[in-house]
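Q: For reference, the sequence and a predicted model appear below.
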Amino acid sequence: MTAVVLAMLACAAPAFSVEIHDLSRDGDLGKVTKLLRSNRALVDARDNDGNTPLHVAAAYGHKDVAKIVAGQRSGC
(Lines give C-alpha, C1' and ligand atoms only; values in the text may rest on other atoms or scores of the structure.)
Protein backbone atom coordinates (compact mmCIF):
# COMPACT_ATOMS: atom_id res chain seq x y z
CA MET A 1 0.00 0.00 0.00
CA THR A 2 2.79 2.43 0.88
CA ALA A 3 4.47 1.82 -2.48
CA VAL A 4 1.24 2.64 -4.30
CA VAL A 5 0.82 5.91 -2.40
CA LEU A 6 4.44 6.89 -3.08
CA ALA A 7 4.05 6.09 -6.77
CA MET A 8 0.92 8.22 -6.96
CA LEU A 9 2.67 11.13 -5.26
CA ALA A 10 5.66 10.85 -7.57
CA CYS A 11 3.40 10.86 -10.63
CA ALA A 12 1.61 13.97 -9.49
CA ALA A 13 4.68 16.00 -8.54
CA PRO A 14 3.66 19.58 -9.38
CA ALA A 15 7.15 20.79 -10.19
CA PHE A 16 7.61 18.12 -12.85
CA SER A 17 4.08 18.59 -14.18
CA VAL A 18 4.59 22.31 -14.66
CA GLU A 19 7.99 21.68 -16.17
CA ILE A 20 6.79 19.16 -18.75
CA HIS A 21 3.96 21.45 -19.81
CA ASP A 22 6.34 24.39 -20.18
CA LEU A 23 8.79 22.28 -22.17
CA SER A 24 5.99 20.95 -24.37
CA ARG A 25 4.84 24.52 -25.02
CA ASP A 26 8.39 25.53 -25.91
CA GLY A 27 8.91 22.49 -28.17
CA ASP A 28 11.96 21.23 -26.25
CA LEU A 29 12.00 17.67 -27.55
CA GLY A 30 15.20 16.65 -25.76
CA LYS A 31 14.09 17.74 -22.31
CA VAL A 32 10.55 16.38 -22.74
CA THR A 33 12.02 13.02 -23.73
CA LYS A 34 14.38 13.07 -20.74
CA LEU A 35 11.55 13.84 -18.30
CA LEU A 36 9.34 11.10 -19.73
CA ARG A 37 12.19 8.60 -19.41
CA SER A 38 12.56 9.50 -15.75
CA ASN A 39 8.80 9.43 -15.04
CA ARG A 40 6.57 8.02 -17.76
CA ALA A 41 3.43 8.93 -15.81
CA LEU A 42 4.08 12.61 -16.63
CA VAL A 43 2.52 11.93 -20.02
CA ASP A 44 -0.88 12.04 -18.27
CA ALA A 45 -0.10 15.06 -16.04
CA ARG A 46 -2.68 17.83 -16.20
CA ASP A 47 -1.98 21.53 -15.86
CA ASN A 48 -4.30 23.99 -14.11
CA ASP A 49 -6.49 24.10 -17.22
CA GLY A 50 -6.73 20.31 -17.46
CA ASN A 51 -4.37 20.01 -20.42
CA THR A 52 -1.86 17.20 -20.84
CA PRO A 53 1.59 17.73 -22.38
CA LEU A 54 0.13 16.34 -25.62
CA HIS A 55 -2.59 19.00 -25.65
CA VAL A 56 0.00 21.73 -25.04
CA ALA A 57 2.46 20.50 -27.69
CA ALA A 58 -0.30 20.19 -30.28
CA ALA A 59 -1.76 23.60 -29.43
CA TYR A 60 1.61 25.24 -30.03
CA GLY A 61 2.30 23.29 -33.23
CA HIS A 62 5.18 21.17 -31.93
CA LYS A 63 4.48 18.01 -33.93
CA ASP A 64 7.74 16.32 -32.94
CA VAL A 65 7.01 16.74 -29.22
CA ALA A 66 3.37 15.71 -29.68
CA LYS A 67 4.49 12.54 -31.47
CA ILE A 68 6.89 11.56 -28.66
CA VAL A 69 4.32 12.29 -25.95
CA ALA A 70 1.58 10.39 -27.79
CA GLY A 71 3.93 7.42 -28.15
CA GLN A 72 4.40 7.33 -24.37
CA ARG A 73 0.70 7.28 -23.45
CA SER A 74 0.22 4.98 -20.50
CA GLY A 75 -3.41 4.18 -21.21
CA CYS A 76 -4.49 5.08 -17.64
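A: Structure's in. What do you need? Residues are numbered from 1 along each chain as shown.

Q: What residues does residue 33 make contact with?
A: residue 68 (CB atoms under 8 Å, 6 or more residues apart in numbering). (C-beta placed from N, C-alpha, C; glycine too.)

Q: That one in helix, strand or coil?
A: helix (DSSP: H, G, I helix; E, B strand; the rest coil).

Q: Same question for residue 48.
A: Once three-state DSSP is applied, residue 48 turns out coil.

Q: Give me the phi and psi angles of it.
A: Main-chain dihedrals, residue 48, degrees, to the nearest 10: phi -60, psi -20.

Q: Check residue 60 too.
A: Residue torsions, per degrees, to the nearest 10, at residue 60 are phi -100, psi 10.

Q: That one is in contact with residue 28, isn't it?
A: No: taking contacts as CB atoms under 8 Å, residue 60 lies outside contact range of residue 28: 11.2 Å.

Q: Looking at those two, which has the bigger crowd around it?
A: A count of neighbours by other CB atoms under 10 Å puts residue 28 above the other of residue 60 and residue 28, at 18 against 13.

Q: Okay then, goodbye and thanks.
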